[in-house]
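1. quick one: sequence and predicted model below, then my questions.
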Amino acid sequence: MTEFSVLAKQLRKSKGLTQSQLAQRMWMQKSIISAYETDARKPSLDMIIKYAREFGVTTDYLLGLADDESISVKGLTEAQRVAVRSVVCEFLKSNNSK
């Protein structure tokens with residue numbers, strides 16, 4: 001089970017954000033982001049939900065209850081959704097053949 005601190009840092013870096021940039025996007029202080037990422041502070045339920053929405057993952061993923069991330073296709077056209085599904089399927093096929 002991966003700790004929230006590790007996942008929070010990985011998700012932030014995957015979007016190419018600094019702690020300051022993420023703090024600004026989430027309307028909070030950088031020191032709070034840092035505390036979450038160093039496991040000096042545990043997030044509230046509201047904050048876990050906020051992270052899930054910001055990064056398009058499930059709360060179960062953030063809590064370490066599920067290994068699967070989710071990809072939000074909200075706001076995409078049907079053609080874009082088909083393209084995303086196609087790319088994901090290709091990745092899954094290539095991982096299964098290894």
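-> Received, thanks.
2. excluding chain neighbours, what is closest to residue 47?
-> In this structure, residue 47 finds its nearest non-sequential neighbour in residue 36, 7.8 Å apart by CB to CB, 6 or more residues apart in numbering. The C-beta positions use only the backbone N, C-alpha and C, and glycine is treated the same way.
3. just checking, the one you found touches residue 4?
-> Yes - Residue 36 is in contact with residue 4 according to CB atoms under 8 Å; the separation is 6.9 Å.
4. more neighbours, the two?
-> Neighbour count, other CB atoms under 10 Å: between residue 36 and residue 4, residue 36 has more, with 24 against 18.
5. now do the contacts for the more buried one.
-> Going by CB atoms under 8 Å, 6 or more residues apart in numbering, residue 36 touches 4, 5, 8, 42, 43, 47.
6. most surrounded residue in those?
-> Of all the contacts of residue 36, the most densely surrounded is residue 8 (23 neighbours; neighbours counted as other CB under 10 Å).
7. look up phi and psi at that one.
-> Note on residue 8: its backbone torsions stand at phi -60, psi -40 [degrees, to the nearest 10].
8. I figured residue 71 hits residue 88, correct?
-> Yes - using CB under 8 Å, residue 71 is in contact with residue 88, at 7.0 Å.
9. out of the contacts of residue 36, who's nearest residue 56?
-> Taking CB to CB as the measure, residue 56 sits nearest to residue 8 out of those, at 14.0 Å.
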